[in-house]
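# here's a sequence, model it:
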Amino acid sequence: MQNESIFTVRIPPNVQPGQPFVIEHLGGRFQVVAPAPPSPDGTMQVRLPTGAQGQAQQGQVNPQQMQMHQQQMQMQQQMQMQAQLQFFAQLQQAEQARVQQQMEAQQQQLRQLGPDWSAQKDESGKVYFFNARTGQAFWAE
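Residues are numbered from 1 along each chain as shown. Coordinates of the predicted model:
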């Protein structure tokens, strides 16, 4: 458009990709959406009105920009949720593997001790070995 120019603006450091932020230009406030992916230098290009047109349009928000922003936010939330689900699934698998290894080590230790020994748990869930014949006990490793 004739009464518009492209300006380079710095994206505030606390603004994430897809989030809106407000810039001031010619005494007006304009809402823009940070690009996704973010630019390496932390800037973006925006088309803003110049002269009298800028004064007349100050503070107006482009409905297409808002719709695009909402779609970007939804996609970002979905991606974050998927990443969290993957993280928790990996965490759960690692914990299951750790518990399995611990149980196998305790079973091996119990087999080495002999037939009079048994594995027990105290009130807190810690495992210890107990010899019913001698009354001897010690904590599992």
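# just for the protein, where's the confidence low?
In the predicted model, the chain carries pLDDT under 70 at residues 1-2, 51-66, 69.
# any idea which residue is closest to the centre of it?
Geometric centre of the chain, nearest residue: residue 80, 5.4 Å, by C-alpha atoms, centre = their mean.
# for residue 116, see how far away it is.
Remark: distance between residue 80 and residue 116 (C-beta to C-beta, to the nearest Å) = 55 Å. The C-beta positions use only the backbone N, C-alpha and C, and glycine is treated the same way.
# ok so residue 129 is a strand residue?
Yes - under DSSP: H, G, I helix; E, B strand; the rest coil, residue 129 falls within a strand.
# neighbours of it, just the number please.
17 (other C-beta atoms under 10 Å).
# again with residue 117
20.
# need phi/psi at residue 133.
Per-residue torsions, residue 133: phi -80, psi -40 (degrees, to the nearest 10).
# hmm, it is touching residue 118, no?
No - between residue 133 and residue 118 there is no contact under C-beta atoms under 8 Å: 10.8 Å.
# so those two - more neighbours on which side?
For residue 133 and residue 118, the more surrounded residue by other C-beta under 10 Å is residue 118, and the numbers stand at 12 against 9.
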